[in-house]
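**Student:** the amino acid sequence is not available; the structure is as follows:
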């Protein structure tokens, strides 16, 4: 078997990309569509979390994933990748960010580099669905449900037991201390009570 | 000469034909008048008398059944149901209790996160500017200077001049022991 490793020939994305592109309407035609997508990818790399309409977010997500994936695979000494980064990132300080910040961050990831959520919208509101698109590992507060306080999780069960143990020990030592004190001074409180 | 002869023959034949036609019956243009004269009792009905210059709309030929009428009014439940219908994909948020659609972020929780995120993004962009970005950003809130230099090594620190929100804490553990308070206990006096 003298076959080329497919994973080295092209990027394998960790998201589902539609086989056909969306018909994102733009008065300037295909060039306008691409400019809009470039702006979106630039904003995503810059802000790491953006809120926009679902269709454009999903379309831009594939390009952003491809850009990061290529940057990881080829590095910054690869002419084609650098041209790709130059094309997709309109603000050129982000080219540095792509190779110096995002590549080290995502090198060992085995999940997608971006995340997408469906954002709420006012009822009935406008027709278009909204979404939140973000890069993984961003410094912002998480959007998903925080289940870390669920008491049935294993670490919480163990921590609860440890806490109980600690309290038991504390109470035992206090009781011992009190017992020792009462032996030294025999019942001062009871005498007081009898006086009154 | 022969031409004049031909013409005269034609005119004679034409006259003869007219004669015979008179005998057969009246020519079509005069037929109605003739028949009217023959039967004066029958009256002709013409739509033109009724309509005049107007025109007629199409009208239903058959009665529409009750079932059809109801289906047209309300739709059919399994296909198209026109009146209001209840939403079955609403759940209450486990964190705050507000209702949200399944698979969609809770609007109340998301609003809080979004506001905080916007503030952080503004501060980060202010700090970064247009210089090349080559470091990860670490956001520190007011009074968070207890991180070791090794933890902050190779990252850019952005400070926000406000305390960290309670819901956005990095500490996932509860405190097992309370720190001793600075205040002193005061025992009540004069209680007998």
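**Tutor:** Structure's in. What do you need? What you are looking at is a predicted structure, and each value in this text was computed from that prediction instead of being measured.
**Student:** residue contacts, the most centrally placed residue in chain A?
**Tutor:** What sits nearest the mean C-alpha location of chain A, by Cα atoms, centre = their mean, is residue A:136, with 4.1 Å. When contacts are counted by Cβ atoms under 8 Å, 6 or more residues apart in numbering or on different chains, residue A:136 is found next to A:106, A:109, A:111-115. Where C-beta positions appear, they are placed from N, C-alpha and C, glycine not excepted.
**Student:** do that again at 6 Å, thanks
**Tutor:** Remark: with contacts taken as Cβ atoms under 6 Å, 6 or more residues apart in numbering or on different chains, residue A:136 is in contact with A:113, A:115.
**Student:** tell me how far it lies from chain B.
**Tutor:** In this structure, residue A:136 and chain B are 13 Å apart, going by Cβ to the nearest Cβ, to the nearest Å.
**Student:** do you know how far that residue is from residue A:49?
**Tutor:** From residue A:136 across to residue A:49, the span is 10 Å (Cβ to Cβ, to the nearest Å).
**Student:** go on, residue B:168?
**Tutor:** In this structure, residue B:168 lies at 14 Å from residue A:49, with Cβ to Cβ as the measure.
**Student:** more neighbours: these two, which one.
**Tutor:** residue A:49 (23 against 15; other Cβ atoms under 10 Å in any protein chain shown).
**Student:** and the more buried one, bridged to which residues?
**Tutor:** residue A:134 (DSSP bridges).
**Student:** surely it meets residue A:134?
**Tutor:** Yes. With contacts defined as Cβ atoms under 6 Å, residue A:49 counts as touching residue A:134 at a distance of 3.9 Å.
**Student:** state the mean pLDDT of stretch A:91-106.
**Tutor:** Confidence over stretch A:91-106 (mean pLDDT, whole number) is 96.
**Student:** which non-adjacent residue is nearest residue B:72?
**Tutor:** The shortest distance from residue B:72 to any residue that is not its chain neighbour, by Cβ to Cβ, 6 or more residues apart in numbering or on different chains, is 8.0 Å, and that residue is residue B:64.
**Student:** if I look at the one you found, what pLDDT would I see?
**Tutor:** Reading off the confidence values, residue B:64 has pLDDT 96.
**Student:** so where does it fall, helix or strand?
**Tutor:** If you go by DSSP states H and E, residue B:64 is not part of any helix or strand.
**Student:** okay, now the domains of chain B?
**Tutor:** The record's domain parsing of chain B by automatic domain parsing lists B:2-41, B:104-168.
**Student:** now distance to chain A and mean pLDDT too, for the ones you listed, in CSV please.
**Tutor:** Written out in CSV, the entries for the domains of chain B read as follows (distance: least, Cβ to the nearest Cβ, whole Å; pLDDT from 0 to 100):
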stretch, distance to chain A, mean pLDDT
domain B:2-41, 66, 62
domain B:104-168, 4, 90
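**Student:** and of those domains, who's closest to residue A:64?
**Tutor:** Nearest of the domains of chain B to residue A:64, taken as Cβ to Cβ: domain B:104-168 at 16.2 Å.
**Student:** tell me how far the ends of the closest one are from each other?
**Tutor:** 21 Å (Cα to Cα, to the nearest Å).
**Student:** okay, now the closest residue to residue B:161 other than its chain neighbours: neighbour count?
**Tutor:** Nearest non-adjacent residue to residue B:161, counting by Cβ to Cβ, 6+ apart: residue B:142, 5.9 Å away. As a burial measure, residue B:142 scores 11 neighbours (other Cβ under 10 Å).
**Student:** and residue A:98, by the same measure?
**Tutor:** Neighbours around residue A:98, by other Cβ under 10 Å: 23.
**Student:** all strands of chain A, in order?
**Tutor:** Secondary structure of chain A (DSSP state E): strands at A:49-53, A:114-119, A:130-135.
**Student:** would JSON lines of those with distance to residue A:10 and mean pLDDT be doable?
**Tutor:** Below are the strands of chain A laid out as JSON lines (distance: least, Cβ to Cβ, whole Å; pLDDT from 0 to 100):
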{"stretch": "strand A:49-53", "distance to residue A:10": "27", "mean pLDDT": "96"}
{"stretch": "strand A:114-119", "distance to residue A:10": "19", "mean pLDDT": "96"}
{"stretch": "strand A:130-135", "distance to residue A:10": "22", "mean pLDDT": "97"}
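**Student:** export those strands to JSON lines and tack on distance to residue B:163?
**Tutor:** Formatted as JSON lines, the strands of chain A follow (distance: least, Cβ to Cβ, whole Å):
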{"stretch": "strand A:49-53", "distance to residue B:163": "22"}
{"stretch": "strand A:114-119", "distance to residue B:163": "27"}
{"stretch": "strand A:130-135", "distance to residue B:163": "25"}
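**Student:** need the pLDDT of residue 86.
**Tutor:** With no chain named, the answer covers chain A. Reading off the confidence values, residue A:86 has pLDDT 97.
**Student:** nope, chain B
**Tutor:** Note for residue B:86: predicted pLDDT of 90.
**Student:** enumerate the residues of chain A near chain B.
**Tutor:** Taking Cβ under 6 Å from any Cβ of the partner chain as the test, the list of chain A residues beside chain B reads A:47, A:49, A:93, A:96-97, A:100-101, A:117-120, A:139-141, A:148, A:163.
**Student:** for those residues, work out which two are farthest apart.
**Tutor:** Between all members of those, the longest pairwise span (Cβ to Cβ) is found for A:93 and A:163 and amounts to 48.6 Å.
**Student:** hey, which of the strands of chain A is tucked in deepest?
**Tutor:** Looking across the strands of chain A with neighbours counted as mean count of other Cβ atoms under 10 Å in any protein chain shown, the highest average goes to strand A:130-135: a mean of 21.
**Student:** counting neighbours, show which residues of stretch B:150-160 come out buried.
**Tutor:** Of the residues in stretch B:150-160, those buried by neighbour count under the rule 16 or more other Cβ atoms under 10 Å in any protein chain shown are B:156, B:158, B:160.
**Student:** quick one: end-to-end length of that stretch, please.
**Tutor:** Across stretch B:150-160, the straight-line distance between its terminal residues is 21 Å, by Cα to Cα.
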